[in-house]
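**Student:** Here's a sequence, model it:
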Amino acid sequence: MQLMEFLTILLMTLGLFLVLAGVFTAYFGSGKSRTIGVVLLVVGLLIGIIWVGLRWMDPSLINVSILETIWVAFLYILAALIGALIAIGVFLLAIMKS
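**Tutor:** Okay, here's the model as predicted:
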């Protein structure tokens, strides 16, 4: 079950950030950058469609609670971010004091 939750978080995050990066690049870019933005957007959407297709094709994947998985992923990312910021703060404090 944890593997499916991991894959769910991985695919949803990858797809979401590719869509966001694609929209940003397509809107603010010019020339080749705009084309790359559209490609990123399409790839992000395809990853989302593939994820939905995998859930539809394999009934065992339906047992993964989407909202719970997103909430747990959010908490893990938040905890990692807070830990990293504390570590950076301690590092900077130690460097500045020496």
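**Student:** Now do the domain split for this protein, please.
**Tutor:** 1-63, 65-98 (automatic domain parsing).
**Student:** for those, which one ends up most surrounded?
**Tutor:** Highest mean neighbour count among the domains of the chain (mean count of other Cβ atoms under 10 Å): domain 1-63, with a mean of 14. Where C-beta positions appear, they are placed from N, C-alpha and C, glycine not excepted.
**Student:** low pLDDT regions in this protein?
**Tutor:** 1, 58-64 (pLDDT under 70).
**Student:** Just give the nearest non-adjacent residue to the residue nearest the centre of the chain, would you?
**Tutor:** For the chain, the residue nearest the mean C-alpha position is Thr13 (2.2 Å; Cα atoms, centre = their mean). Spatial nearest neighbour of Thr13, excluding adjacent residues (Cβ to Cβ, 6 or more residues apart in numbering): Ala73 at 7.4 Å.
**Student:** ditto for Ala26
**Tutor:** Once flanking residues are discounted, Ala26 sits nearest to Gly37: 3.1 Å by Cβ to Cβ, 6+ apart.
**Student:** Looks like the one you found contacts Thr25 (just checking).
**Tutor:** Yes. The criterion here is Cβ atoms under 8 Å, and Gly37 meets it with Thr25 at 3.1 Å.
**Student:** what helix or strand does Phe24 sit in?
**Tutor:** Phe24 is part of helix 2-28 when elements are defined by DSSP states H and E.
**Student:** what helices or strands is that helix leaning on?
**Tutor:** Applying 3 or more Cβ pairs under 8 Å, 6 or more residues apart in numbering; DSSP states H and E, we find helix 2-28 packed against helix 32-57, helix 66-97.
**Student:** quick one, the last one and helix 2-28 angle?
**Tutor:** Using axes from the mean of the first three to the mean of the last three Cα atoms, to 10 degrees, one finds that helix 66-97 and helix 2-28 are set 70 degrees apart in direction.
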